[in-house]
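S.K.: need coordinates for the below:
(one chain, ligands or ions: 1)
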Amino acid sequence: MSMYRSLNLVMLGPPGSGKGTQAKFLSERYRIPHVSTGDMLREEVRNRTTLGLKAKEIMDQGGLVSDEIVSAMILKRLDQEDCARGVILDGYPRTVEQAHVLDGILAELGRALERVILVDVPDEEIVRRLGGRRSCPKCGKVYHLIYSPPADGVHCDVCGIELVQRDDDKEEVIRQRLIQYHEKTQPLVELYEQRGLLVEIDGSQDMEAVTAAIVDAIGASADQ
Ligand code: AMP
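M.R.: Just a heads-up that it's a prediction; the model follows:
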């Protein structure tokens, strides 16, 4: 870490690949913020802002919110003080257009991406995983009914509140999100591969193995 002036990472991968969980872990390890456009949008939905109401309709159908909206959010977020030492982007960029906007924003800040981590998981595994995903409506902690259930099977271990399923984790919406991923986000894999930034991680391994592989990849890039 000391090798970097700032550490700017993108987590790439299908919804449900575990990239959000990994991003949270990396955020603690490297002490840089975890910036998730999905979390930011859900916050807008919770607060019933104009943007949130507009976004909810799209999110509930598994579509993508407009590049303008999410890029404006990211521009504002990356400009904040706590992002000065770097950032872990999760769920952004999601289109080639967004990737170009991100290049511009980072260039403006005198920074560039150090690594793009692709956490890859086959579609069928995704459907299985997301169907069981639940989260706490209060603290946002994420559980899985089979792989990481709460102690009593129903309530958040931390808040004691009943866990909920995200509206967009219903099976037909998951299918739509996967279609969007393959069509609009997967082209980024090649784009970042060509730039020599891409690290591909097998996301179907257990969580600790995925983390170890990512940390290894980030550590290795410090030697170059
Ligand atoms: P996520 O939590 O990353 O799975 O995002 C949930 C939903 O928020 C997505 O299915 C999209 O509708 C929307 N969203 C999140 N990030 C973006 C983005 N970068 N561009 C467009 N839509 C996004």
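
S.K.: ok, Lys24 - contacts?
M.R.: Counting by Cβ atoms under 8 Å, 6 or more residues apart in numbering, Lys24 touches His34. (Each C-beta comes from the backbone N, C-alpha and C, glycine too.)

S.K.: export the longest helix belonging to the chain to CSV, keeping only CA atoms.
M.R.: If you go by DSSP state H, the chain has its longest helix at helix 207-222. C-alpha atoms of helix 207-222 as CSV (Å, rounded to 0.1, in the frame of the first residue of the first chain):
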residue,chain,number,x,y,z
MET,A,207,-14.9,-16.0,0.1
GLU,A,208,-11.5,-16.2,1.8
ALA,A,209,-9.9,-17.6,-1.3
VAL,A,210,-11.3,-14.8,-3.4
THR,A,211,-10.1,-12.2,-1.0
ALA,A,212,-6.6,-13.8,-0.9
ALA,A,213,-6.4,-13.8,-4.7
ILE,A,214,-7.4,-10.1,-4.9
VAL,A,215,-5.0,-9.0,-2.2
ASP,A,216,-2.3,-10.9,-4.0
ALA,A,217,-3.1,-9.2,-7.3
ILE,A,218,-3.0,-5.7,-5.7
GLY,A,219,0.2,-6.5,-3.8
ALA,A,220,1.8,-7.8,-7.0
SER,A,221,1.0,-4.6,-8.8
ALA,A,222,3.0,-2.6,-6.2
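
S.K.: same for it, what does it pack against?
M.R.: If you count contacts as 3 or more Cβ pairs under 8 Å, 6 or more residues apart in numbering; DSSP states H and E, helix 207-222 packs onto helix 19-30, strand 115-120, strand 198-202.

S.K.: so which of the ones you listed comes closest to Asn47?
M.R.: Of all the helices and strands packed on helix 207-222, helix 19-30 sits nearest to Asn47, with 20.5 Å by Cβ to Cβ.

S.K.: how about the residues of the protein near the ligand?
M.R.: The chain comes close to the ligand at residues 15, 37-38, 41, 58-59, 62-65, 70, 91-92, 94, 98, 168, 177, as judged by Cβ under 6 Å from any ligand atom.

S.K.: buried ones in the host helix or strand of Tyr192?
M.R.: Following DSSP states H and E, one finds Tyr192 within helix 187-194. Using 16 or more other Cβ atoms under 10 Å as the test for burial, helix 187-194 gives 188-189, 192.

S.K.: run through this protein and note the low-pLDDT ranges.
M.R.: For the chain, the stretches with pLDDT under 70 are 1-4, 220-224.

S.K.: run the last query once more with 90
M.R.: Residues of the chain that meet the criterion pLDDT under 90 lie in 1-6, 128-129, 140, 146-147, 166-167, 171, 219-224.

S.K.: give the contact list for the closest residue to the ligand within it.
M.R.: Nearest residue of the chain to the ligand (Cβ to the nearest ligand atom) works out as Gly38 at 2.1 Å. Residues in contact with Gly38 (Cβ under 8 Å, 6+ apart) are 20, 90-91.
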